[in-house]
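> here's my sequence, what's the structure:
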Amino acid sequence: MRFFHSIRWRMQLWHGLLLALVLSGFGFTAWRLQRENQMGRVDRELEQRMGLVEESLRPRNATGPDAMRWSSREQKLFDGMPGQAFYYAVWQRDGERGNVSASAPSGIPRPERVPGPPVFRSRGDFRESFHDTPAGDCVLVGRDIGDELAGLRRTAWLLAGSGGAVFLLGLAGGWWIGARALRPIAEISATAAKISDGDLGERIRPADSESELGQLARDLNNTFARLQAAFARQAQFTADASHELRTPVAVVLAQTQSALARERPAAEYRESLAACQRSAQRMRGLIESLLVLARFDSDETAEADELCDLAGIAEESVALLEPLADEKNVRISVEAAPAYFRCNAGQLAQAVGNIVSNAICYNRPGGSVRVAVHPEADGAALTVTDTGQGIAPEDLPHIFERFYRVEKSRSAGQEHSGLGLAIAKAIIEKHGGTIEVASEPGAGTTFRVRFGTG
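Below is the predicted model of the structure:
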């Protein structure tokens, strides 16, 4: 049935079962204690009278075989209100019934012979005690307990009624508490449905923020916020990639259309092909950068499993970039001390090359770039300092974002796609490192990278 799949119904059924078991156990125990108290009191009274009857049967007190003489005080022990009077009956050794009290009910069956201490039994509305005396006589003492049994029945009905009322009240309270407890789950479900429909700005507003469900709501809100930011970055990433690819594609189309429009000299064809080649190279570089970032996003990059020298990686990267530095009229120097840690040398060389290339391209003519590597107590550190144009404070938090370029950078280096620092940061963090930047507009920029020993 469908309601068995409902958390509220399952909680209610479990709660009702436990409540029924507890109330039933309590009611039965209370009734049994009441009955035992009642029967215990009656049994003690029967024992007292059993002793009196046995004493009267002793030969020294009897003038005949059936003689039973009691004082007025003893006689009162067998007096009582109607329905509460005690009675006795005696059977002789040969099975003949002897003395029987006037208050005894008719048709009392002779008990089985029970030597030893008295035995108690309930017979309908009567409670009786009997046993065989040493002389062989059977003595029985009893009492009508109809009033006690009626009282026990009233007690049973009272306990059943009270338990039923408590059970219904408990079920109602459990349903109300369950509804309040599960209400945030319904709100979470409704909010998740809105988010799945595309409303990424929707958030859960829990009534009780300190409860477990309130904490869950906060965690889900944080997850939704990260999800919204990821979708926003994806949308921005797609728009920026399209923008970056639009220009070289437009150049290729323009050059090919112009070349195909009419016959041209070979030199013009060569010039068009060279322009198409430059545009294709730019597109290839952009696509390769996008593939690198995609591999980092999907965690498909190679593991850091080589013992590398950061100083050697930095020196090789600087050597490869010296032609670019000469072209930009920028002096570049390296101060490197051996610093070893486990890494992927190829990826780390790409990250260092991107940082140094950025420092060269956005420097001023005649400026300088200083690359320093030194070991630390728990790893290695790399510092790249340039004397370039610097970065404005409002741009610093965004320079590692994909395709982000400040306006001055756009005019200074249109050949850059804005992915170099994003790739460098992804590689460094993949190796468990950190990268920080400090800059002063007009005075230069410093990148600091630190790695652990791994």
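> can you report how many residues lie near Gly178?
17 (other Cβ atoms under 10 Å). Quick note: C-beta positions are derived from backbone N, CA and C, even for glycine.
> and for Asn354?
Using other Cβ under 10 Å, Asn354 is surrounded by 21 other residues.
> would you map out the domains in the chain?
Domains of the chain are assigned by automatic domain parsing as 2-152, 212-297, 306-452.
> buried residues in stretch 324-337?
Buried residues in stretch 324-337, defined by neighbour count with 16 or more other Cβ atoms under 10 Å: 325, 328, 330, 332, 334, 336.
> same question for stretch 439-447.
When burial is assessed from 16+ other Cβ under 10 Å, stretch 439-447 yields the following buried residues: 439, 444-447.
> which single one of the residues you listed is nearest to Leu286?
Within the buried residues of stretch 439-447, proximity to Leu286 (Cβ to Cβ) peaks at Phe447, which comes in at 22.7 Å.
> strand partners (parallel or antiparallel) of the helix or strand that contains that closest one?
If you go by DSSP states H and E, Phe447 is part of strand 444-452. Next to strand 444-452 in the sheet, as set by DSSP bridges, lie strand 379-386 (antiparallel), strand 434-440 (antiparallel).
> tell me where the stretch 101-250 of the chain has helices.
For the stretch 101-250 of the chain, the helices defined by DSSP state H, counting those that start in this stretch cover 146-196, 212-261.
> and the first one, what other elements does it pack with?
Same thing as helix 146-196. With contacts taken as 3 or more Cβ pairs under 8 Å, 6 or more residues apart in numbering; DSSP states H and E, helix 146-196 sits against helix 7-56, helix 212-261.
> go again using 10 Å as the cut-off
For helix 146-196, the packing partners by 3 or more Cβ pairs under 10 Å, 6 or more residues apart in numbering; DSSP states H and E come out as helix 7-56, strand 126-132, helix 212-261.
> same question, the shortest one
Counting contacts by 3+ Cβ pairs under 10 Å, 6+ apart, the secondary-structure elements packed against helix 212-261 are helix 146-196, helix 266-297.
> which stretches of the stretch 351-454 of the chain have low pLDDT?
For the stretch 351-454 of the chain, applying pLDDT under 70 flags the ranges 405-417, 453-454.
> who's in contact with Glu376?
Glu376 is in contact with 339, 341, 450-453, counting by Cβ atoms under 10 Å, 6 or more residues apart in numbering.
> run through the bridge partners of it.
On the basis of DSSP bridges, Glu376 is bridged to Gly379.
> would a markdown table of the helices and strands packed on helix 146-196 with distance to Leu168 be doable?
Converted to a markdown table, those look like this (distance: least, Cβ to Cβ, whole Å):
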| stretch | distance to Leu168 |
| --- | --- |
| helix 7-56 | 10 |
| strand 126-132 | 37 |
| helix 212-261 | 28 |
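> which one of those is the most hemmed in?
Comparing the helices and strands packed on helix 146-196 by mean neighbour count (mean count of other Cβ atoms under 10 Å), strand 126-132 ranks first with a mean of 21.
> what's the average pLDDT for it?
What strand 126-132 shows for mean pLDDT is 89.
> that one packs against which elements?
By 3+ Cβ pairs under 10 Å, 6+ apart, strand 126-132 packs against helix 7-56, strand 86-91, strand 119-123, strand 138-144, helix 146-196.
> the same query, at a cut-off of 8 Å, please.
helix 7-56, strand 119-123, strand 138-144.
> possible to save those as CSV with distance to Asn354?
Shown next, in CSV, are these (distance: least, Cβ to Cβ, whole Å):
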stretch, distance to Asn354
helix 7-56, 52
strand 119-123, 98
strand 138-144, 105
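> export these as TSV, with columns for distance to Gln92 and mean pLDDT.
Below are the helices and strands packed on strand 126-132 laid out as TSV (distance: least, Cβ to Cβ, whole Å; pLDDT from 0 to 100):
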stretch	distance to Gln92	mean pLDDT
helix 7-56	14	87
strand 119-123	19	89
strand 138-144	8	89
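> what's the closest of those to Ile108?
strand 138-144 (6.9 Å).
> partners of the closest one, with directions?
When pairing is defined by DSSP bridges, strand 138-144 lines up against strand 86-91 (antiparallel), strand 126-132 (antiparallel).
> same list (those) but as CSV, adding distance to Tyr362.
Formatted as CSV, the strands paired with strand 138-144 follow (distance: least, Cβ to Cβ, whole Å):
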stretch, distance to Tyr362
strand 86-91, 116
strand 126-132, 108
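> tell me which of these sits nearest to Arg49.
Shortest separation from Arg49 across those is recorded for strand 86-91, at 5.6 Å, computed as Cβ to Cβ.
> following that closest one, which helix or strand comes up?
Next element after strand 86-91 (DSSP H and E): strand 97-100.
> and Gln257, what is it in contact with?
Contact analysis of Gln257 by Cβ atoms under 8 Å, 6 or more residues apart in numbering lists nothing.
> that one and Ala160: what is the separation?
From Gln257 across to Ala160, the span is 97 Å (Cβ to Cβ, to the nearest Å).
> same thing with Phe28?
To Ala160, Phe28 is 10 Å away according to Cβ to Cβ.
> coming back round to it: ok, of the helices of the stretch 101-250 of the chain, where does mean pLDDT dip lowest?
If the helices of the stretch 101-250 of the chain are sorted by mean pLDDT, helix 212-261 sits at the bottom with a mean of 78.
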